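Peer 1: A structural model of the following input is requested.
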Amino acid sequence: MIIVSKANENHVQGIKRVCSEGYRATYHQLLSENYINGVIKEFYNEKRILQEVTQSDTHWGGYFVALDHKEVVGAIGGGMVSESAGEVFVLYLDPSRRKEGIGTFLLNALTRQQKEEFSATEQWVSVAKDNHLGIPFYEARGFRFQYEKPGFAQIEGERYSSLRYFRYI
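Peer 2: Next comes the predicted model:
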C-alpha cells in the first residue's frame, strides 16, 4: 500500500535515488549525458535534499514522498511563484513503479498543500519539450499548454526547451 507523507530527514537517500533514477530514465533520449549528470549533481545531492526537507517557506513547500513499506518510490516538491500560483518544481518516481497512480497521489498531496496552506488558485509546471512521459500525465490531470521557453539550465552548445503548463485548482 502506498502512503504519501511530508518528507523528513529519513527520506533523503530515497528522494536522491528516486529523483536521480527518474530523471535519468525520463531524459536519457532527450538530453545529453553531460546535461543529465549536471542536473543530478546540482539538484539531487544529499546536502541539498537534506536542506530542502528540513526547511520550507511559501516559495519552497518541501518534499512529499510516496512510501511503499517505508521505501521511497516517488517524490514531489513545489511551492508558490506568486500570491495565487503554485508550481510543481519536481516530480519523479522509481522508473519501475510508473503507471500505478503514485504520481497522481503525489500531485494531489502537493495541490492540497498549495490550496490549503498557501491559498493557491492555479498551478504551473514546466515539462521538457518532447517529454512523452510527463506531458500526457499533466494533460490528463487538467493542465493545458501555455507557451514554450528556454529550459531552466543550459550548457554551452546545448539548448533545450521547456513547455509551460497551467491549470486552475
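
Peer 1: lowest-pLDDT helix or strand in the protein?
Peer 2: helix 33-43 (a mean of 92; mean pLDDT, DSSP states H and E).

Peer 1: What helices and strands are in contact with it?
Peer 2: helix 12-27 (3 or more C-beta pairs under 8 Å, 6 or more residues apart in numbering; DSSP states H and E). All C-beta spots, glycine's among them, are computed from the backbone N, C-alpha and C.

Peer 1: Could you name the helices and strands sitting against the helix it packs on?
Peer 2: helix 33-43, helix 46-54, strand 63-68, strand 71-80, strand 85-93.

Peer 1: what is the rounded mean pLDDT of it?
Peer 2: Rounded to a whole number, the mean pLDDT of helix 12-27 is 97.

Peer 1: try stretch 85-105
Peer 2: 97.

Peer 1: what do you get for stretch 113-124?
Peer 2: pLDDT averaged over stretch 113-124 gives 97.

Peer 1: Quick check: buried residues in that stretch?
Peer 2: Using 16 or more other C-beta atoms under 10 Å as the test for burial, stretch 113-124 gives Q113, Q114, F118, A120, Q123, W124.

Peer 1: From T104, how far out is the first one?
Peer 2: Same thing as Q113. 15 Å (C-beta to C-beta, to the nearest Å).

Peer 1: same question, H69
Peer 2: From H69 to T104 the distance is 20 Å (C-beta to C-beta).

Peer 1: again with G77
Peer 2: Counting by C-beta to C-beta, the gap from G77 to T104 is 16 Å.

Peer 1: Counting neighbours around each, name which of the two comes out higher.
Peer 2: G77 (26 against 12; other C-beta atoms under 10 Å).

Peer 1: was I right about that one contacting F89?
Peer 2: Yes. Counting by C-beta atoms under 8 Å, G77 does reach F89; the two are 5.2 Å apart.

Peer 1: Common neighbours of those two, please.
Peer 2: Shared contacts of G77 and F89 (C-beta atoms under 8 Å, 6 or more residues apart in numbering): W60.
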